[in-house]
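[1] Quick one: sequence plus predicted model below, questions after.
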Amino acid sequence: MKSLFKCFVLLFCLHFIEGSQLFRCDYTYNSEVKGWLKHINIPANWYDARLRCTLEGAVLASPTSVKMRNEMVRFVNDSGNEESLYEIFTGIHATFAPGAYLTVEGKPLSKIPQVWASNEPDNKEDKESCLTLNSNGELADVSCGTTRPYVCYRSADSKTRTNECGTVDPEYRLDARTNSCYKFHTVPRNFSRAFFTCYAEGGYLAVINSETEATVLKELFGRYPAGNMQGTFLKHLAFIGFHDWGERWDFRSIHGQTLAETGKKQGNE
């Protein structure tokens, strides 16, 4: 039996930077690279790093210029890691075809200022298709399935600005009845990936805190008839922010509340 794959998301972040320029509050505007940067210290594999940056409205950063490389190296050196050649993932990859390296934006490696680490690239065991940047500003190829910290980047050239929900994602809409923003995901995902998606987008799987909110979500769900959603999955169901936390029938919200407690703190949700 196929599992369930959609989620409602509640979003909550808004931040103002340099007058009319807006983006997420967990990013910092950097005038050197003319955009916003976020260093994520918790290692992830390349695929999850790329996805998280994308879901946040950014891209997995690549050293496409000397200034960008310098800023990325600064992140590496400021991390406090004691390894002599600590490294982070870049957005440069050859996952489409062996040796055909591109950034996630499609810029070929030949057009990027590059310095390779000693004995790199070596494509060890024919399994290294993603590039890292070390504390010396040198590139190396590694397996995309290994884990590294990384940097997300959003260019200030983007014409999309944050909306009333504090996100550049136009699918989020504010509902005045709950004073919260919601998005209905039609891309099928399991609970873990649904939670990851909501978290990366700056929100969380929706927790129903009142009859009013239940009505809001029911109406939102109703705008997406099964016939309009592509793929084979249970289209009459959607994930919300409750889980048994590994204990059968001990269902709680993702904020740790029991079903009985849920709704009592709706003013803080």
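    That came in fine, so what should we check first? Numbering: from 1, shown residues only.

[2] Could you pull up the residues touching residue 27?
    Residues in contact with residue 27 (C-beta atoms under 8 Å, 6 or more residues apart in numbering) are 15, 36-38, 58, 152, 154. For the C-beta atoms, the positions are set from N, CA and C on the backbone; glycine is no exception.

[3] Which phi and psi values does it adopt?
    phi -110, psi 150 (degrees, to the nearest 10).

[4] Against residue 49, how distant is it?
    According to C-beta to C-beta, to the nearest Å, residue 27 and residue 49 sit 15 Å apart.

[5] With residue 77 instead?
    Residue 77 sits 20 Å away from residue 49 when distances are taken as C-beta to C-beta.

[6] higher neighbour count, these two?
    residue 49 (27 against 13; other C-beta atoms under 10 Å).

[7] from what I can see the more buried one touches residue 146, true?
    No - using C-beta atoms under 8 Å, residue 49 is not in contact with residue 146, being 11.0 Å away.

[8] biggest strand in the protein, by residue count?
    Scanning the chain for the longest strand, with DSSP state E as the assignment, gives strand 35-45.

[9] Can you mark which positions in it are buried?
    Neighbour counts using 16 or more other C-beta atoms under 10 Å place 35-40, 44-45 of strand 35-45 among the buried residues.

[10] Name the nearest of those residues relative to residue 136.
    Set against residue 136, the nearest of the buried residues of strand 35-45 by C-beta to C-beta is residue 39 (17.7 Å).

[11] those strands in the stretch 101-250 of the chain, which residues are they?
    130-134, 139-142, 147-155, 173-175, 180-184, 203-205, 242-243 (DSSP state E, counting those that start in this stretch).

[12] for these, which one ends up most surrounded?
    Comparing the strands of the stretch 101-250 of the chain by mean neighbour count (mean count of other C-beta atoms under 10 Å), strand 130-134 comes out on top with a mean of 25.
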